[in-house]
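> Sharing a model prediction with you, sequence too.
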Amino acid sequence: MAIKKISNEQLSIEVGEFGAELQSIKKDGLEYLWQGNPDFWGRRAPVLFPIVGKLKHGRYTYDDASFQLSGHGFARDKAFKLIDGSDEAVIYELKSDKETKIVYPFDFRLRITYKLHGNQLSVNWEVKNLDETEMYFGIGAHPAFNVPLGSGKFEDYSLVITPEKNRQLIPLNVSEGTIDLAKRQVSKDNIFNLSRALFKHDALVFETPEATQVVLSNSVNDRSVKVSWEHMPFVGLWSPYPNEAPFVCIEPWCGIADDDNTDGDLTTKFGINMLSPGKKFKAGYTITIN
């Protein structure tokens, strides 16, 4: 797999053409990004498109036809094309093809830009509808960060969500990978001290209707990771359970798994995005490394 490296005075990152997936984020020689040990989870920071999460029974319907699509979509397993690059930025592109049309009947173009600014990495998505009909999709991020960051143990770390407020917590159906909107509840928690039991029921999924940030920090050293965004309505926080995996994922999403009670219609799927012919959808997030 071809790897592209970019750097500035504070950070160096690597991106692979396969899935346009981040492969490395280093500051002062320390690796912050999970390195994909398959004993725990073989990926690092996959891009989720054209769905986020799983579909009920792995299928959806559109225009009186039924389609099978695996969880988190196909972009993470497709070769992207590097279309532009400099010392501090790269742009990758994926277009619909015969393979994608089998499972997803829309013509599209997805561009992903990685750009460094000091100790920050911005990740921006641009989806363009190349079809003659309205296009329906989800897109999301799934970066995993090493825990510990240089020193300490898993339990020395915490995740803090701001702004501090009550949020809707959306429970997952662990056996199916779907969500249960009927059991949404208000969460008053904004600080989550890491433990294995925290993820006993899979990811913690919250609604984030406003600008939000999640900070991974610890009580042992000054190293931290902040993931921030403005227009992503959901976030997932995840680490495998019961495996003692040395990482945690902070996942801002524009989309979400199927509800248990869905009828399977893609056009009415909870959290779906609609894009008119010829129009562009833009979203993104920023990773700040300290």
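Sure thing, it's come through.

> How about the contacts made by N290?
Neighbour list for N290: K27, N119, D222, R223, S224, V225, K226 [criterion: C-beta atoms under 8 Å, 6 or more residues apart in numbering]. Where C-beta positions appear, they are placed from N, C-alpha and C, glycine not excepted.

> Also W229?
Listed by C-beta under 8 Å, 6+ apart, the contact set of W229 reads T208, A211, T212, Q213, P252, A283, G284, Y285, T286.

> Can you tell me the closest non-neighbouring residue to the second one?
So the one you mean is A211. Spatial nearest neighbour of A211, chain neighbours left out: E230 (4.5 Å); criterion: C-beta to C-beta, 6 or more residues apart in numbering.

> Now that that neighbour has come up, it's in contact with T208, right?
No. Look at E230 against T208 with C-beta atoms under 8 Å: they stay out of range, at 9.8 Å.

> Of those two, which one has the most company?
Neighbour count, other C-beta atoms under 10 Å: between E230 and T208, T208 has more, with 22 against 14.

> Quick check: nearest residue in space to the more buried one, chain neighbours excluded?
Closest to T208 by C-beta to C-beta, 6+ apart is V235, at 5.1 Å.

> Surely that neighbour and W253 touch.
Yes. With contact defined as C-beta under 8 Å, V235 reaches W253; the gap is 6.7 Å.

> Please report the distance of D107 from L204.
36 Å (C-beta to C-beta, to the nearest Å).

> quick one, phi/psi of the closest residue to D202 other than its chain neighbours?
Excluding the flanking residues, the one nearest D202 by C-beta to C-beta, 6+ apart is L172, at 4.6 Å. Here is the backbone geometry of L172 (degrees, to the nearest 10): phi -100, psi 150.

> give me the beta-bridge partners of L172?
Beta-bridge pairing for L172 (DSSP bridges): I179.

> Please name the residues that touch V186.
V186 neighbours (C-beta under 8 Å, 6+ apart): N166, R167, Q168, L169.

> Please settle this for me: is it part of a strand?
Yes. Counting by DSSP: H, G, I helix; E, B strand; the rest coil, V186 is part of a strand.

> Return the set of residues that bridge with it.
Q168.

> please begin residue numbering at 6 from this point
All right, first residue 6 from here; so that's V191.

> Model confidence score at the residue of the chain most remote from its centre, please.
What lies farthest from the middle of the chain is D69; by C-alpha atoms, centre = their mean that is 29.8 Å. For D69, the model assigns a pLDDT of 94.

> again with L271
pLDDT, L271: 98.

> what sits against it?
Y65, T66, Y67, Y141, I277.

> cutoff 6 Å now
Y65, Y67, Y141 (C-beta atoms under 6 Å, 6 or more residues apart in numbering).

> Next: S244.
If you count contacts by C-beta under 6 Å, 6+ apart, then S244 has F204, A250, V253 around it.

> Around V240, count how many other residues there are.
V240 - counted by other C-beta under 10 Å - has 25 other residues nearby.

> Which secondary structure element is home to it?
strand 239-243 (DSSP states H and E).

> Tell me which strands that strand pairs with, and in which orientation.
Strand 239-243 is paired, per DSSP bridges, with strand 209-212 (antiparallel), strand 252-259 (antiparallel).

> Now intersect the contacts of N295 with the strands, please.
K32, V230, K231 (DSSP state E).

> Spatially, which residue comes closest to the last one, not counting chain neighbours?
What sits nearest to K231 in space, not counting adjacent residues and going by C-beta to C-beta, 6+ apart, is T293, at 4.1 Å.

> Tell me the helices and strands packed up against whichever strand or helix holds that neighbour.
According to DSSP H and E, T293 maps onto strand 285-294. With contacts defined as 3 or more C-beta pairs under 6 Å, 6 or more residues apart in numbering; DSSP states H and E, strand 285-294 has these neighbours: strand 125-134, strand 230-234.

> repeat that for 7 Å
strand 26-32, strand 125-134, strand 230-234 (3 or more C-beta pairs under 7 Å, 6 or more residues apart in numbering; DSSP states H and E).

> so what strands line up beside that strand?
strand 125-134 (antiparallel), strand 230-234 (antiparallel).

> mind checking how far A208 is from V219?
For A208, the distance to V219 equals 13 Å [C-beta to C-beta].

> Which of these two has more residues huddled nearby?
V219 (24 against 20).

> and the one helix or strand the more buried one maps to, how far out from the chain's middle?
Taking DSSP H and E as the criterion, V219 maps to strand 217-223. Relative to the centre of its chain, strand 217-223 is centred 15 Å away, using C-alpha atoms, centre = their mean, to the nearest Å.
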